[in-house]
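Student: here is a sequence with its predicted model. Questions after.
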Amino acid sequence: MTRKPIISGNWKMNLNHFEAIQTVQKLSYQLTKEDYAAVDVSVHPPFTDLRSVQTVLDVDEIPIKLGAQHCHQDEKGAFTGEISPAFLAKLSVKYVIVGHSERRELFGETDEIVSKKIDAILKQEMTPIICCGETLQEREAGETESKVLTQIRSALTKRNADVVSALVVAYEPIWAIGTGLTATSQDAQAVIGAIRAEIADLAGADAAAAVRIQYGGSVKSSNIAELMAMPDIDGALVGGASLETEEFAKIVQFRNVRS
């Protein structure tokens, strides 16, 4: 089965809404119809930028998909500072990152909370990008697969195979996020291959063959082609490099330098 790659730019807490407008416009100038045909591209601005970016994408008919970085698991309520998935859906958000390591490590999101957020995102007919990954300590202790596959089981157990098929999973080793360190393509493939095998056990071979799995962790134009050459890697969740439009465009255009 051929899976269309998906390259997602996670802007994190960067760019005000004026800067966001300029960034998405500059990115659109550097991408072509052929790029969009070959790769799904999403950008995930801060919440305060979403309406501005949505307007630019709609008015200029830019085929970049709008994403969010986070949401609450409830549709409404007394949750000061939180954002409902229903609000995101009204802004034509297509993808929502859930369970990012920074949310887990800094804000205490548990596997249970992540599972509830997946439910809430799916209810609004958006696609979750489900993150999983291990710390350096866990990796050095030989606990990578145990940690990652536990997260996958919590997120996907008892989900319908058709639902699982349409999801996006992002493997992001925590030790490689924003550090300049990157798992080798072989290391990333080994873990992502294990994730796909686990999904096959949970939801069946067809779902495992269809689900798209990204790699995240210091992805750059200089390493994306090697990562994308691996059989089970279907894209990238890009952090800092997504803020530089020329660099991010080169990442989207990885096939141009692929050997």
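Tutor: Received, thanks.
Student: name the residues that touch the lowest-mean-pLDDT helix or strand in the chain?
Tutor: Lowest by mean pLDDT, DSSP states H and E among the helices and strands of the chain is helix 136-140, with a mean of 90. Helix 136-140 is contacted from outside by 144, 147, 173, 174, 175, using CB atoms under 8 Å, 6 or more residues apart in numbering. From N, CA and C alone the C-beta is placed, and that goes for glycine too.
Student: which ones are touching the residue lying closest to the first one once chain neighbours are set aside?
Tutor: Spelled out, that is residue 144. Counting by CB to CB, 6 or more residues apart in numbering, residue 144 lies nearest to residue 134, which is 4.7 Å off, once chain neighbours are set aside. For residue 134, the contact set (CB under 8 Å, 6+ apart) comprises 143, 144, 147, 148, 173, 174, 175.
Student: quick one: residue 134 from residue 71, how far?
Tutor: 24 Å (CB to CB, to the nearest Å).
Student: picking that back up, out of the contacts of helix 136-140, what pair is the most spread apart?
Tutor: The span of the contacts of helix 136-140, defined through CB to CB, is set by 147 and 175 at 11.9 Å.
Student: joint contacts of those two?
Tutor: Contacts common to residue 147 and residue 175, judged by CB under 8 Å, 6+ apart, are 134, 135.
Student: sorry, back to before: helices - which of the contacts of helix 136-140 land there?
Tutor: 144, 147 (DSSP state H).
Student: give the buried residues for stretch 239-259.
Tutor: 239-245, 247-254 (16 or more other CB atoms under 10 Å).
Student: residue 8: which of the residues you listed is nearest?
Tutor: residue 242 (7.9 Å).
Student: and the nearest residue to that closest one once chain neighbours are set aside, what are its bridge partners?
Tutor: Spatial nearest neighbour of residue 242, chain neighbours left out: residue 9 (2.9 Å); criterion: CB to CB, 6+ apart. Bridge pairing for residue 9 (DSSP bridges) gives the partners residue 43, residue 238.
Student: residue 9 against residue 53, yeah?
Tutor: No - judged on CB atoms under 8 Å, residue 9 makes no contact with residue 53 at a distance of 11.1 Å.
Student: what ranges do the strands span in the stretch 51-200 of the chain?
Tutor: Listed in chain order, the strands of the stretch 51-200 of the chain (DSSP state E, counting those that start in this stretch) span 65-68, 95-98, 127-132, 168-171.
Student: which one of these lies nearest to residue 216?
Tutor: Short answer: strand 168-171, nearest of those by CB to CB, at 5.0 Å.
Student: list the contacts of that closest one.
Tutor: 6, 8, 95, 97, 127-133, 148, 152, 188, 191-192, 195, 199, 211-216, 235, 237.
Student: which of these are buried?
Tutor: 6, 8, 95, 97, 127-133, 148, 152, 188, 191-192, 195, 199, 211-216, 235, 237.
Student: which neighbours do residue 9 and residue 53 share?
Tutor: residue 43.
Student: burial count for residue 62?
Tutor: Counted with other CB atoms under 10 Å, residues neighbouring residue 62 total 20.
Student: repeat for residue 231
Tutor: 9.
Student: leaving out the residues flanking it, which one is nearest to residue 125?
Tutor: residue 89 (6.7 Å).
Student: thought that neighbour was touching residue 126?
Tutor: Yes - using CB under 8 Å, residue 89 makes contact with residue 126 at a distance of 5.9 Å.
Student: quick one: which of the two has more around it?
Tutor: residue 126 (21 against 18).
Student: could you find the closest non-adjacent residue to that one?
Tutor: Among residues not flanking residue 126 along the chain, residue 96 sits closest, at 5.4 Å (CB to CB, 6+ apart).
Student: distance of that neighbour from residue 137?
Tutor: For residue 96, the distance to residue 137 - CB to CB - is 29 Å.
Student: the two: which is more packed in?
Tutor: residue 96 (26 against 10).
Student: contacting residues around that one?
Tutor: 67-71, 85, 88, 117, 121, 126-129.
Student: thought residue 257 was touching residue 225, still the case?
Tutor: Yes - using CB under 8 Å, residue 225 is in contact with residue 257, at 5.0 Å.
Student: alright, that wraps it up for me.
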